[in-house]
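Chemist: Predicted model, plus sequence, below.
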Amino acid sequence: MPEARVERRLAAILAADVAGYSRLMGTDEVSTLAALKAHRRETVDPAIAAHNGRIVKTTGDGMLVEFASAVDAVSCAVALQEKMAERTPEGTEPRIQFRVGINVGDIIIDGGDIFGDGVNVAARVENECEPGGVYLSDDVYRQVRGKTAFAIDDLGERSLKNIDRPVRLYAVRLASYSAKPTAKSLTEPGNALPLPDRPSIAVLPFTNMSSDPEQEYFADGMVEDIITGLSRIRWLFVIARNSSFIYKGRSVDITRVGRELGVRYVLEGSVRRVGTRVRITGQLIEAATGRHLWAERFDRDLHDIFELQDEITTSVVAAIEPSVRQAEIERVRRKRPENLDAYDLVLRAIPHASAATPDEASTALALLKRAIALEPDYALAHGFAAWCCEQRFVRGDHREEDRLEGVAHARLVLATSSDDANALGLAGFVLWMLAHDRSAALDALDRALSISPSSLMALTYGAVALAFMGETALAIERAQLALRLSPFDPLRWSALGAITIAHILDGRWQEAAEFARRTVQLNPGFSSGLAFLAGALAAGGHDDEAREVAARLLSMEPAFSSRAGAAIADGDELQRRLMDVFAAAHLPP
């Protein structure tokens with residue numbers, strides 16, 4: 001029998017759901033359901049009917065609506081959201097806010113339901129939308145441009161979940177936002193500031209939650225210092241104080257701030273003083289999605305206001321860098337390989353480099369060499385390439401070409417007159433590990449920390465190099481500072497490893513074993529961590545457990561050599577101490 005003909009038609013699809021519905025239901029199910037039903041009955045359904053829409057289906061907090069006209073679909077969405085803004089101002093409980101996404105596409109008709117790529121894209125556009133907003137796909141924008149009076153902002157291309165192509169999104173600027181501040185007049189469609197080619201961040205003025213006006217100066221001074229500290233991170237594009245402070249004293253929409261200032265990330269916070277105690281909160285938000293990347297609260301005594309300001313500033317800057325870095329890595333993972341530039345390639349390489357195994361280092365190195373081919377003076381690419389070569393040499397086959405290549409990349413970081421603290425930190429570490437050039441290594445590490453005192457890479461890998469130089473007290477101090485500044489950094493196993501090495505060289509076996517265990521727990525593939533754990537256990541009298549750990553190490557790295565592992569240390573005496581520790585664990589000479 002002939003196959004039944006599939007019924008298709010072109011339609012504008014509106015997808016909507018309630019922002020934070022699960023949270024609202026968890027707080028008060030009865031009130032949330034009652035409010036949602038009232039809004040549907042009094043606002044949503046009448047708006048759809050007035051604009052010739054057909055409700056295809058509803059699913060709890062969401063709905064799918066079909067329109068024959070894209071103009072009708074957008075007009076309906078705007079009318080709906082403007083009415084909802086009137087009905088649910090801030091402070092309304094429960095506050096129901098819809099997110100709306102609209103797409104135009106070919107759909108398949110099956111009874112009363114609809115399917116197809118046109119529907120899927122509409123749902124994904126809605127997922128990107130801010131609460132209370134209306135987002136359009138590029139196909140919808142082309143249909144309505146010049147046919148409505150709505151101002152529309154270009155949000156750029158987005159990679160949408162399960163959609164095999166990037167989709168350019170647009171946000172309708174609603175009248176309910178008209179009283180909000182703007183950094184730049186956006187009177188024409190598509191005039192949102194474009195995002196820079198590096199991650200970009202704005203630090204908004206912190207809100208003074210105290211009655212004491214003096215805290216206003218403290219909060220403003222701290223924000224200025226945070227902006228200065230972030231500006232030292234060379235791969236970040238940081239909005240100047242004069243631009244971000246136009247929002248002072250105003251209630252802002254983070255997504256709109258992101259569009260108006262052309263930034264991907266926004267830091268906001270507050271200050272509250274009670275007696276001699278002060279509480280500072282901060283949160284880092286991805287502007288386009290409203291997703292929280294980092295949040296922290298600091299409770300301190302206000303004994304020295306300037307010392308406190310410096311402490312909080314350093315802590316915030318140190319915590320933000322790895323948070324933004326991880327968010328950027330996740331973003332780049334969604335991009336197609338053919339669309340990667342030098343910066344994207346470095347971000348893709350970082351997780352492989354951070355695994356600290358020769359195979360993963362080789363994968364990272366291939367990506368880094370592509371980045372360097374595109375941008376030969378890219379200091380951070382050279383820094384990570386140097387580190388990957390160090391891993392391949394120290395934990396691989398000890399090939400002289402890996403050692404020489406690593407040293408060459410490290411010296412190129414210094415030759416570029418780099419002011420990238422992370423690149424300098426990696427270069428200093430590699431110059432010590434592969435060239436034993438104490439002078440150049442210390443110079444690079446000191447330059448890194450003078451540029452950015454909160455650079456986790458400079459602190460962490462500087463601590464490892466210092467430990468092998470025998471500067472054990474300073475190594476522990478810097479590693480502990482790195483852990484305190486960013487206790488959840490993915491690379492914190494390196495700081496723990498530095499403390500392990502320092503304790504081993506000082507003969508503190510129990511402490512060394514404790515930190516080595518934590519190192520290996522965070523990075524089970526770090527073979528040097530296993531070597532130090534086995535040695536500390538054996539030297540501390542735990543021979544059976546030491547043998548088990550040594551067996552794990554040799555199964556992972558059959559070519560491990562105690563002599564090569566000890567050769568990293570500075571001078572005959574320190575090398576002899578390490579050789580004794582490895583020998584106690586019955587590791588190959």
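Modeler: Structure received. All values derive from a computational prediction rather than experimental measurement.
Chemist: so who does G53 touch?
Modeler: By CB atoms under 8 Å, 6 or more residues apart in numbering, G53 lies in contact with L14, V65, E66, F67, D72, A73, C76. No exception for glycine: its C-beta is placed from N, CA and C like everyone else's.
Chemist: residue contacts, the nearest residue to the fifth one once chain neighbours are set aside?
Modeler: By the measure of CB to CB, 6 or more residues apart in numbering, the closest residue to D72 outside its immediate chain neighbours is H51, 4.5 Å from it. With contacts defined as CB under 8 Å, 6+ apart, H51 is in contact with F67, D72, A73, S75, C76, A79.
Chemist: how about 6 Å then?
Modeler: Contacts for H51 were tallied using CB atoms under 6 Å, 6 or more residues apart in numbering; they are D72, S75, C76.
Chemist: just checking, which of the residues you listed belong to helices?
Modeler: D72, S75, C76 (DSSP state H).
Chemist: Any chance of a PyMOL selection covering the buried ones in these?
Modeler: In PyMOL, a selection of the buried entries from these looks like this (16 or more other CB atoms under 10 Å):
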select buried, resi 72+75+76
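Chemist: T255 and L174: what is the separation?
Modeler: 12 Å (CB to CB, to the nearest Å).
Chemist: now swap in L412 and tell me
Modeler: Counting by CB to CB - L412 and L174 are separated by 51 Å.
Chemist: quick one: which of these two has more around it?
Modeler: The neighbour comparison of L412 against L174 (other CB atoms under 10 Å) goes to L412, with 22 against 17.
Chemist: Just the CA atoms of the helix or strand A536 falls within, as PDB, please.
Modeler: Counting by DSSP states H and E, the element that carries A536 is helix 527-539. Extracted as PDB, the C-alpha positions of helix 527-539 are listed here (Å, rounded to 0.1, in the frame of the first residue of the first chain):
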ATOM      1  CA  SER A 527      51.600   9.300  38.600                       C
ATOM      2  CA  SER A 528      54.000  11.600  40.500                       C
ATOM      3  CA  GLY A 529      51.400  11.900  43.200                       C
ATOM      4  CA  LEU A 530      51.400   8.100  43.500                       C
ATOM      5  CA  ALA A 531      55.200   8.100  43.700                       C
ATOM      6  CA  PHE A 532      55.200  10.600  46.500                       C
ATOM      7  CA  LEU A 533      52.400   8.800  48.300                       C
ATOM      8  CA  ALA A 534      54.200   5.500  48.100                       C
ATOM      9  CA  GLY A 535      57.400   7.100  49.400                       C
ATOM     10  CA  ALA A 536      55.800   8.900  52.300                       C
ATOM     11  CA  LEU A 537      54.000   5.800  53.400                       C
ATOM     12  CA  ALA A 538      57.100   3.600  53.200                       C
ATOM     13  CA  ALA A 539      59.200   6.200  55.000                       C
END
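Chemist: Now do that helix: which elements does it pack against?
Modeler: With contacts taken as 3 or more CB pairs under 6 Å, 6 or more residues apart in numbering; DSSP states H and E, helix 527-539 sits against helix 492-505, helix 509-522, helix 543-556, helix 571-584.
Chemist: will you turn these into CSV that also has distance to H292?
Modeler: Compiled in CSV, those are given as follows (distance: least, CB to CB, whole Å):
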stretch, distance to H292
helix 492-505, 21
helix 509-522, 24
helix 543-556, 37
helix 571-584, 44
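Chemist: most tightly surrounded among those helices?
Modeler: With neighbours taken as mean count of other CB atoms under 10 Å, those reach their highest mean count in helix 492-505, at a mean of 26.
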